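Undergrad: can't give you the sequence, but here's the structure:
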């Protein structure tokens, strides 16, 4: 994530980092980002729960980056739920 933050900042993007899922959810609500990048392996909760939480109030584009799981699991994590 460090390299990604440096690269995005160098290209003029404002980057906010959250140390865990709960903080990430709170920050997303406060700052209403244009893009969310989520790791599935967070220290306090599953990244899928973060995506699900954000999907409850926003359709912001979400990118899932993780060494955990299969590619399909990452795609499924990003998919909005349908009711």
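TA: Perfect, I can see it now. Keep in mind that this is a model prediction, so the values were computed, not measured.
Undergrad: Okay, buried residues for stretch 34-52 please.
TA: For stretch 34-52, the neighbour count (16 or more other Cβ atoms under 10 Å) marks 36-40, 42, 47-51 as buried. For every residue, glycine as well, the C-beta is placed using N, CA and C.
Undergrad: Okay, and the beta partners of residue 37?
TA: In this entry, residue 37 is beta-bridged to residue 63, by DSSP bridges.
Undergrad: Can you get me a residue count around residue 20?
TA: 13 (other Cβ atoms under 10 Å).
Undergrad: ok, back up a step: ok, so of the buried residues of stretch 34-52, who is nearest residue 20?
TA: Comparing the buried residues of stretch 34-52 against residue 20 with Cβ to Cβ places residue 42 closest, at 5.5 Å.
Undergrad: Quick one: end-to-end length of stretch 6-17, please.
TA: Taking Cα to Cα, to the nearest Å, stretch 6-17 runs 12 Å from one end to the other.
Undergrad: quick one: it to chain centroid distance?
TA: Remark: stretch 6-17 is offset 15 Å from the chain centroid, using Cα atoms, centre = their mean, to the nearest Å.
Undergrad: follow-up on the earlier one: mind putting the buried residues of stretch 34-52 in TSV, distance to residue 3 included?
TA: Formatted as TSV, the buried residues of stretch 34-52 follow (distance: Cβ to Cβ, whole Å):
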residue	distance to residue 3
36	18
37	12
38	17
39	14
40	18
42	19
47	19
48	24
49	26
50	21
51	22
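Undergrad: Many thanks, I have nothing further to ask.
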